[in-house]
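Q: Requesting a structural model of the entry that follows:
(2 chains)
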Amino acid sequence: MLTPSRSIALSLTIEAADVVKIFGDVHALDGLSFVVKSGEIFGLIGPNGAGKTTALRIISTLLKPTSGSVKVLGRDVVSQAAEIRRLISYLPEEAGAYKNLSGHEYLKFMAKFTIEDKKIVRETVEVASKISGLEKRLKDKVKTYSKGMKRRLLVARALMTKPRLALLDEPTSGLDVLHSVHVRGIIKQYVEQEGVTVLLSSHNMLEVEYLCSKVALINKGKIVAEGSPTELKKKAKASNLEEVFSKVVGFA
Amino acid sequence: MLRDLFNIIVKEVKELVRNPTLLLGMIIVPLVVFPLMGFAVQTSMEATEESMKNISIIIMDHDANGSISQIFKDFLENRSITVDEIKTANLDEAAVYAQESNATALIIIPQGFSYNITHDMTAEMNVYTVFRGGGITESASSSVIYAFIESFKRRLAPNPFIAHQESIIKGKNIPISPDVLFGLVMSQSIGMPIGIMMLLMFAMQLAATSVASEKEEKTLETLLTLPINRFTILAGKLTGSILVAVVGAIVYMLGFNYYMNSFTSALPTEIGVDLATIGLAPTPISYLLLGASLFVSLISGLALTVSISIFAEDVKGAQALVGPLSMLLIFPMIFMMFTDIYALPFPLMIVLLAIPFTHPMIASKVAFTGDYLTAVIGIIYVSIFTVAVLYVAAKLFGTEKILTAKLRFKGLRRRKRKTAE
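A: Numbers count the residues shown, from 1 in each chain, chains lettered A, B, ... in the order given. Down below sits the predicted model:
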């Protein structure tokens, strides 16, 4: 049986406490703290250079924090990085795939790192084929794909293995309206049906408002506002998240 | 771990093999360029031999009824040279005629030529070689005419002595003129370093592009968040490149073999000497040593390139960073083309020997030098160098430097700001 504190820890997917990341003389993160509960879609929004990508890279174990601590599903990103990598899936912003592989080969290549059973690998790739909507085009080489097709392939790759935590940096960037709507639907479906927790960053406030149950506004490496979209709008006396963003960051 | 490694290797090989530039550089160059080079050598040598049979000269004979000039003409004709006599006294006219009539040379025999010779006085003769393009055929035909003139002179007044030219190779007397051997060795000692340099440069550019495109496309970033040991990623990447490079090296050796054979078969048959028996054709051991040396140098080049490309932001940056490495290839190539490394001043020799890419070039000469030990020491040295570079590459792969290191030549501050986002 779980003790009360252990059960609280388990219901939290991310716990970031006073995270600082310094590159040379630039403080990319300057005391960032937030928690993401299991099963929610958490949005990180902020201007360019605010530190969103750095935060995602630390949570995904790519970078080490200069100070502070980050825990993912109760595991420390520095000392238990290998364990965390088994539980998460990270989609970098503007990422690509291997140009000379077919979409199908790419998905299979990525699936094999987390799944051992060949049959399950095949099924996972089938699932990804449906998520991406690429189906027959998956036989073609990635270099023949449009930007949107590539993004759909990568989103499918990030979600197909049903990770405990999906870190999505601008998941719909480069997608047209129809495909953006499709991808958002898939993200919601994975959270509701598969128990995936999502931390995403986006510049599309409409998307954030539609998807996220909780939003943190980050500026100069710190959280400057946090809450549900409704709470944030109420607090800032704004009609939408874009207005909140402008008022809080200071361009209004 | 082995499963992951295999997965990465398969992906690397697929990516590399499907890269059209690879096909061009690694397969087409050795399998098309080498045979073409060999074919060119063979054809031009055969053409030279053929043209020897059809040498024609124009003679302007002012020594009317001279007995010696007549003997001279008969002498040439008996040696299958077509002699075409013209009756003009004008040199310009004769020159135009010679140029147009495809003759090798125009010979003017002056008045009193025979008289002078028969009266123990120095006689003169003007030989004008017709210059058309300066190719081997022309120079060879012209040499043949001079050789016949020399031979005719000896008939009239025998030389006090004749020096027969032969060679000594690896302590053995070989009845071949050194000129023939120098020609043979020269054409190879120039060709091989160029070929080796091309192969290494190509493989290194390939590896640089492979690592940098992973960074540019952010596929590396994705790969690093997967549950794979980072050393496995590096090992998989290198093994994939090595597998392709090995195929490249084998294809290369096939091309080289063809190139070598074209020399062997192009040697005048009347020499009647088997190059293998005199130790000038590569033996299986020299092939093996060259292959091994090429292989370890390829790995060292690839490891070096991977370690350096980690610091590049994109493919262009990687190529710019790896560019200076090509100096390490060109520098030994130039020296190896024109001289024996041990003939160089000591400090320069040490610098060249420290460059790993010098060693396959040395190994390519083993067939001629028979110095197997140097080739083996070279292979050992390059292997140690490779292990050291691999160690550094592995260290770099294990840190976040692989993502944050962004070498730029200017705008350091801008770089830092960009890193923050």
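Q: For the residue of chain A found nearest chain B, which three-state class applies?
A: Residue nearest to chain B within chain A: A:G96 (3.2 Å; C-beta to the nearest C-beta). Yep, even glycine has a C-beta here, placed from its N, CA and C like the rest. Secondary structure assignment for A:G96 (DSSP: H, G, I helix; E, B strand; the rest coil): coil.
Q: And the strands in the chain, which stretches?
A: Assuming you mean chain A. Along chain A, counting by DSSP state E, strands occupy A:12-23, A:26-37, A:41-45, A:67-72, A:75-76, A:88-91, A:165-169, A:197-201, A:214-219, A:222-227.
Q: The intended chain is chain B.
A: Going by DSSP E, chain B shows strands at B:56-61, B:82-85, B:105-109, B:126-129, B:167-169, B:172-174.
Q: What does the pLDDT read for B:T129?
A: pLDDT, the model's per-residue confidence, is 88 for B:T129.
Q: contacting residues around the closest residue in space to it that isn't next to it in sequence?
A: Distances taken as C-beta to C-beta, 6 or more residues apart in numbering or on different chains put B:S142 closest to B:T129, at 4.5 Å, once the chain neighbours are dropped. Applying C-beta atoms under 8 Å, 6 or more residues apart in numbering or on different chains to B:S142 gives the contacts B:T104, B:A105, B:T129.
Q: Next, work out how far apart B:S142 and chain A are.
A: 55 Å (C-beta to the nearest C-beta, to the nearest Å).
Q: shouldn't A:T53 be in contact with A:E170?
A: No. Contact criterion C-beta atoms under 8 Å: A:T53 and A:E170 do not qualify, at 9.2 Å.
Q: in the stretch 51-200 of chain B, what residue is nearest chain A?
A: B:L199 (21.5 Å).
Q: residues near B:T122, how many?
A: Neighbourhood size, B:T122 [other C-beta atoms under 10 Å in any protein chain shown]: 6.
Q: surely it meets B:G112?
A: No. Using C-beta under 8 Å, B:T122 makes no contact with B:G112, being 11.1 Å away.
Q: and the stretch 51-200 of chain A, which of its residues are near chain B?
A: Proximity of the stretch 51-200 of chain A to chain B, by C-beta under 8 Å from any C-beta of the partner chain, involves residues A:51-54, A:57, A:60-64, A:82, A:85-86, A:88-101, A:105, A:109-110, A:112-114, A:116, A:141, A:157.
Q: Among those, filter down to the buried ones and hand me the PyMOL syntax, if you would.
A: Per 16 or more other C-beta atoms under 10 Å in any protein chain shown, the buried members of these correspond to this PyMOL selection:
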select buried, chain A and resi 51+52+53+54+57+60+61+62+63+85+88+89+90+91+92+93+95+96+97+98+99+100+101+105+109+110+112+113+114+141+157
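Q: Contact residues of chain B facing chain A?
A: B:3-4, B:7, B:10-11, B:14-15, B:18-19, B:213, B:216-219, B:221-222, B:224-229, B:400, B:403-404, B:416-417, B:419-421.
Q: Tell me, what's the model's pLDDT at A:V20?
A: 95.
Q: So what's the residue count around it?
A: A:V20: 15 neighbours (other C-beta under 10 Å).
Q: what's it in contact with, if anything?
A: A:H27, A:L29, A:D30, A:G31, A:L32, A:P65, A:T66, A:S67, A:G68, A:G221.
Q: Quick one: buried ones out of these?
A: Of the contacts of A:V20, these count as buried by 16+ other C-beta under 10 Å: A:H27, A:L29, A:D30, A:L32, A:P65, A:G68, A:G221.
Q: By proximity to chain A, which residue of the stretch 251-400 of chain B wins?
A: Distances between the stretch 251-400 of chain B and chain A by C-beta to the nearest C-beta are smallest at B:E400, namely 5.0 Å.
Q: where's A:I84 relative to A:F113, distance?
A: 14 Å (C-beta to C-beta, to the nearest Å).
Q: likewise B:T239?
A: B:T239 is 17 Å from A:F113, by C-beta to C-beta.
Q: before we move on, back to that, what's the closest of the strands of chain B to B:R155?
A: Nearest to B:R155, of all the strands of chain B, is strand B:105-109, at 16.3 Å by C-beta to C-beta.
Q: Tell me which entries of the residues of the stretch 51-200 of chain A next to chain B lie within helices.
A: With DSSP state H as the criterion, helices contain A:K52, A:T53, A:T54, A:R57, A:A82, A:R85, A:E105, A:F109, A:M110, A:R157 from among these.
Q: How much space separates the closest residue to the fourth one other than its chain neighbours from B:A318?
A: Distance criterion C-beta to C-beta, 6+ apart; nearest residue to A:R57, sequence neighbours excluded, is A:L63 at 4.5 Å. Applying C-beta to C-beta, one obtains 22 Å for the distance of A:L63 from B:A318.
Q: And for B:E221?
A: 16 Å.
Q: now A:V155
A: Applying C-beta to C-beta to A:V155 and B:A318 gives a distance of 28 Å.
Q: Specify which residue of the two has the higher count of neighbours.
A: B:A318 (28 against 24).
Q: hang on, isn't the more buried one packed against B:L325?
A: No. Applying C-beta under 8 Å as the test, B:A318 and B:L325 come out as separate, 10.8 Å apart.
Q: Spit out the residues that contact the two alike.
A: B:I308.
Q: Quick one: residues contacting A:G221.
A: A:V20, A:K21, A:H27, A:A28, A:L29, A:D30, A:G31, A:L32, A:A50, A:G51, A:T54.
Q: which residue packs closest to it, ignoring adjacent ones?
A: Per C-beta to C-beta, 6+ apart, closest to A:G221 is A:D30, 3.6 Å.
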